[in-house]
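Asker: okay, here's the prediction I keep looking at, along with the sequence it came from:
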Amino acid sequence: MGENTRTCCCECDHSEAALLARIGELAAEYRGKEGSLIQVLHMAQGIYGYLPIEVQRVIADTLDIPLAEVAGVVTFYSFFSTQPRGRHTIRVCLGTACYVRGGKKIVERIKELLDVEIGETTKDRLFTFEVARCIGACGLAPAMSIDDQVYKQVNPDKLEQILKRYYEED
Ligand code: FES
C-alpha cells in the first residue's frame with residue numbers, strides 16, 4: 001500500500017486524489033460566501049488530517065482566492081497544522097514550576113524514546129510532541145498531558161511505562 005493511501009474499515013476511497021477531490025467539492029459549496037475560509041479549512045483538516053500545500057491550493061483555486069491568503073490563515077491559527085498529526089498529542093509543560101522541577105528532563109527523555117523533536121510527529125503517527133506553558137498542575141510539577149489526560153509529578157524514568165499504554169491501545 002502506497003504512503004499516499006489511507007485505510008479504514010469502510011468502503012470509501014481514501015486515496016490522496018479522492019480526498020483532494022472531496023475537499024474541492026466541499027469547498028465549491030462555499031464559493032462566494034464571505035468569511036467561509038476558516039470553516040472550509042476546518043472541514044478540509046477533518047478530511048485530510050492536516051493542511052499541506054496541495055490541500056491549500058485546492059481550496060484557494062475553488063474559492064477563487066489567492067493561495068497566499070489561505071496559507072496566511074493556516075499559519076496564523078494554531079489549530080491548523082501543515083504537518084501530519086499523531087493520533088495522540090503529548091504536551092510537556094515547560095512553565096516555570098515544571099521547568100524548575102525537571103520538565104526539561106522529560107522533554108529530553110521523550111525525544112530519546114520517540115525519536116522526535118518538539119513539534120514533530122512520530123513516524124508511526126501515534127504521537128505528536130509539543131511543549132506547553134502551563135497545564136494547570138503547577139502544584140504537582142513536573143506535569144505533562146497526553147490528549148486530555150494530565151500526568152503529574154512525572155518521573156522521566158517512568159515515561160516508557162506511560163507511553164506503553166498508548167501502544168497497547170492502538
Ligand atoms: S507550570 Fe507546569 S503545570 Fe503549571
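Answerer: All right, it came through fine.
Asker: check contacts around the residue of the chain found nearest the ligand.
Answerer: Residue nearest to the ligand within the chain: Gly95 (2.6 Å; Cβ to the nearest ligand atom). Where you see a C-beta, it was placed from the backbone N, CA and C, and this is true even at glycine. Each residue near Gly95 by Cβ atoms under 8 Å, 6 or more residues apart in numbering is listed here: 103, 132-135, 138, 141.
Asker: in ChimeraX, how would I select the buried members of those residues?
Answerer: To isolate the buried ones among the contacts of Gly95 in ChimeraX, judged by 16 or more other Cβ atoms under 10 Å, type:
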select :103,132,135,138,141
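Asker: restricted to strands, list the contacts of Gly95.
Answerer: Ala132 (DSSP state E).
Asker: what's the closest of the contacts of Gly95 to Tyr30?
Answerer: Nearest to Tyr30 among the contacts of Gly95 is Ala132, at 33.1 Å by Cβ to Cβ.
Asker: bridged to the closest one, which residues?
Answerer: Cys93 (DSSP bridges).
Asker: residue contacts, it?
Answerer: Ala132 sits next to 91-95, 145 when contact means Cβ under 8 Å, 6+ apart.
Asker: how about the residues of this structure by the ligand?
Answerer: Taking Cβ under 6 Å from any ligand atom as the criterion, the neighbours of the ligand within the chain are 93, 95-98, 134-138, 141, 143.
Asker: tabulate these (a markdown table), appending pLDDT and distance to Asp124.
Answerer: Formatted as a markdown table, the residues of the chain next to the ligand follow (pLDDT from 0 to 100; distance: Cβ to Cβ, whole Å):
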| residue | pLDDT | distance to Asp124 |
| --- | --- | --- |
| Cys93 | 96 | 25 |
| Gly95 | 95 | 29 |
| Thr96 | 96 | 33 |
| Ala97 | 97 | 32 |
| Cys98 | 97 | 27 |
| Cys134 | 94 | 29 |
| Ile135 | 95 | 25 |
| Gly136 | 94 | 30 |
| Ala137 | 96 | 28 |
| Cys138 | 96 | 32 |
| Ala141 | 97 | 30 |
| Ala143 | 97 | 25 |
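Asker: please enumerate the strands of the chain.
Answerer: With strands called from DSSP E, the chain shows them at 88-93, 127-132, 144-146, 149-151.
Asker: can you lay out those as a markdown table showing distance to Ala60?
Answerer: Shown next, in a markdown table, are the strands of the chain (distance: least, Cβ to Cβ, whole Å):
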| stretch | distance to Ala60 |
| --- | --- |
| strand 88-93 | 28 |
| strand 127-132 | 26 |
| strand 144-146 | 35 |
| strand 149-151 | 38 |
